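Trainee: I would like to see how this sequence folds:
(one chain, ligands or ions: 1)
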Amino acid sequence: MTSFISVQNETKTYGTGANAVTANKDISFEIAPGELTIILGASGAGKSTLLNVLGGMDHLTSGSVNVNGVELGALDTKGLTTYRRKQVGFVFQFYNLVQNLTTVENVELASEIADDAMDGVEALTAVGLADRIQNFPAQLSGGEQQRVAIARAIAKNPDLLLADEPTGALDYKTGKKILQLFQDFTRNSGKNVIIVTHNSMIRPMADHVIEIADGQVKADTYNDHPTPVAELEW
Ligand SMILES: Nc1ncnc2c1ncn2[C@@H]1O[C@H](COP(=O)(O)OP(=O)(O)OP(=O)(O)O)[C@@H](O)[C@H]1O
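Mentor: All right, here's what the predicted structure looks like:
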């Protein structure tokens, strides 16, 4: 099968000369269409760097990163912005919502710039927040704010959903519900989700687990029978 993402010898170096830090060194892997992928690694391993490169938030230094036929290394800053807007949804650890906009306005802010966007209310309904569309982020719990962030990401109807430690600021039960949303999204849409985490306990939920250590791929494995999040305990 053709890969959805193909990464070949991707290297990312920040800074130059004596201050240079190589956060990703010669990283290679393939991701199939419709996969739920977990990128696992300790703090400082280079996970966020890799996610930022995959999401077009940062330029790679060398190698090749191809996402759905788009060669990211060939794009200039403007090209990366277009790629990011049209193809990628992002969910971050600390939600990154606009505080003076309501939840539905936060979602519509993202969907306005996408071609094939979902309605804001529909996206919020999909994450269980139909009754909170007129609330402001500060009026919601952390888990609810993360749901808004997920609604914002899926409303763009992205080919690729990227999540960087999405449960890092949440308690166990709330975190589990958030992970359930990601698993449901991949299963229902057939689209790709990549979750970056240091929590190895959630690895059974993924189709594919890529372990990063010291900027390099340490292991690349598949779960033949991924565990439904509801059955997962950690
Ligand atoms: N903008 C930057 N400039 C210089 N060095 C950076 C920059 N961003 C990251 N680094 C360095 O690159 C390395 C990898 O960082 P990265 O954030 O990718 O790791 P991580 O695995 O996501 O860690 P964490 O889980 O703590 O966020 C670290 O040594 C970090 O200090």
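Trainee: Can you spell out which residues form a bridge with the most centrally placed residue in the chain?
Mentor: Nearest residue to the geometric centre of the chain (Cα atoms, centre = their mean): residue 162, 1.1 Å. When assigned by DSSP bridges, residue 162 has beta-bridge partners residue 90, residue 194.
Trainee: can I assume it is in contact with residue 90?
Mentor: Yes - counting by Cβ atoms under 8 Å, residue 90 is a contact partner of residue 162 at 5.4 Å. (Each C-beta comes from the backbone N, C-alpha and C, glycine too.)
Trainee: now the helices for this structure?
Mentor: Counting by DSSP state H, the chain has helices at residues 47-54, 77-87, 103-111, 120-126, 142-155, 172-189.
Trainee: Would you format those as TSV with mean neighbour count, distance to residue 227 and mean pLDDT included?
Mentor: Shown next, in TSV, are the helices of the chain (neighbours: other Cβ atoms under 10 Å; distance: least, Cβ to Cβ, whole Å; pLDDT from 0 to 100):
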stretch	mean neighbour count	distance to residue 227	mean pLDDT
helix 47-54	24	22	96
helix 77-87	15	29	92
helix 103-111	22	30	89
helix 120-126	20	23	91
helix 142-155	25	20	92
helix 172-189	17	9	91
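Trainee: Figure out which of those is closest to the ligand.
Mentor: The closest of these to the ligand is helix 47-54. By Cβ to the nearest ligand atom, the value is 3.2 Å.
Trainee: Is any residue of the closest one near the ligand?
Mentor: Yes - Helix 47-54 is in contact with the ligand by Cβ under 6 Å from any ligand atom, via 47, 48, 49.
Trainee: what's the neighbour count on residue 74?
Mentor: Neighbourhood size, residue 74 [other Cβ atoms under 10 Å]: 10.
Trainee: Roughly how far does it sit from residue 83?
Mentor: The gap separating residue 74 from residue 83 is 11 Å, by Cβ to Cβ, to the nearest Å.
Trainee: show me the contacts for residue 111.
Mentor: By Cβ atoms under 8 Å, 6 or more residues apart in numbering, residue 111 lies in contact with 117, 118, 119, 120, 123, 152, 155, 156.
Trainee: pretty sure the last one is in contact with residue 112, am I right?
Mentor: No - in this structure residue 156 lies outside contact range of residue 112 using Cβ under 8 Å: 9.4 Å.
Trainee: Looking at these two, which has the bigger crowd around it?
Mentor: Just comparing residue 156 and residue 112: by other Cβ under 10 Å the higher neighbour count belongs to residue 156, 25 against 11.
Trainee: Ramachandran coordinates for that one?
Mentor: Note on residue 156: its backbone torsions stand at phi -70, psi -10 [degrees, to the nearest 10].
Trainee: tell me the contacts of it?
Mentor: Residues near residue 156 by Cβ under 8 Å, 6+ apart: 85, 86, 89, 110, 111, 113, 114, 117, 118.
Trainee: Burial check on the residue lying closest to it once chain neighbours are set aside, number of neighbours?
Mentor: Excluding the flanking residues, the one nearest residue 156 by Cβ to Cβ, 6 or more residues apart in numbering is residue 114, at 4.0 Å. When counting by other Cβ under 10 Å, one arrives at 16 neighbours for residue 114.
Trainee: likewise residue 42?
Mentor: Here the count is done by other Cβ under 10 Å, and residue 42 has 13 residues near it.
Trainee: Next, work out how far apart it and residue 211 are.
Mentor: 10 Å.
Trainee: intersection of neighbour lists for residue 162 and residue 90?
Mentor: residue 55.
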